[in-house]
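Trainee: got a structure for you, letters missing:
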């Protein structure tokens, strides 16, 4: 059995859907919709857009930022030291 969308009404008589895996487990739940047509439109939007959807993991992004941060700090710390080594020109004597 393949995955399927199951439409139902909640206690407030609003339409919702579940996306169920092939084993029958609910793997996604929708928001509430005022009417069945809107609910079906929501399902079609997922069917159309989900195959190309990116996976965003904030934890992984934070880990990458932490790894990159020391390199940026080291580069900033080296910059003033390099500037301090620059030869300075002599000021002309004023008499």
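Mentor: Yep, it's here. Keep in mind it's a predicted model, so treat the numbers as computed, not measured.

Trainee: now do the same contact list for the residue nearest to residue 4 when sequence neighbours are not counted.
Mentor: Excluding the flanking residues, the one nearest residue 4 by Cβ to Cβ, 6 or more residues apart in numbering is residue 20, at 5.5 Å. To be clear about C-beta, it is placed using only N, CA and C from the backbone, and glycine gets the same treatment. Residues near residue 20 by Cβ atoms under 8 Å, 6 or more residues apart in numbering: 3-6, 26-27.

Trainee: what sits opposite residue 20 in the beta ladder?
Mentor: As for beta bridges, residue 20 partners with residue 4, residue 26 under DSSP bridges.

Trainee: out of the contacts of residue 20, which are buried?
Mentor: Buried members of the contacts of residue 20, counted by 16 or more other Cβ atoms under 10 Å: residue 5.

Trainee: any idea how far residue 20 lies from residue 48?
Mentor: 19 Å (Cβ to Cβ, to the nearest Å).

Trainee: got it, and residue 6?
Mentor: 19 Å.

Trainee: same check on residue 2?
Mentor: 18 Å.

Trainee: related to what we said a few turns ago, output the contacts of residue 20 as JSON lines; include the columns distance to residue 67.
Mentor: Formatted as JSON lines, the entries for those read as follows, by distance: Cβ to Cβ, whole Å:
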{"residue": "3", "distance to residue 67": "36"}
{"residue": "4", "distance to residue 67": "41"}
{"residue": "5", "distance to residue 67": "40"}
{"residue": "6", "distance to residue 67": "43"}
{"residue": "26", "distance to residue 67": "36"}
{"residue": "27", "distance to residue 67": "32"}
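
Trainee: can you map out the strands along the chain?
Mentor: For the chain, the strands defined by DSSP state E occupy 4-9, 15-20, 26-29.

Trainee: off-centre distance for the first one?
Mentor: What that stands for is strand 4-9. For strand 4-9, the separation from the chain centroid amounts to 27 Å (computed by Cα atoms, centre = their mean, to the nearest Å).

Trainee: for it, packing partners?
Mentor: The contact analysis (3 or more Cβ pairs under 8 Å, 6 or more residues apart in numbering; DSSP states H and E) places strand 4-9 against strand 15-20, helix 36-49.

Trainee: most tightly surrounded among these?
Mentor: Mean neighbour count, computed with mean count of other Cβ atoms under 10 Å, is highest for strand 15-20 among the helices and strands packed on strand 4-9, reaching a mean of 18.
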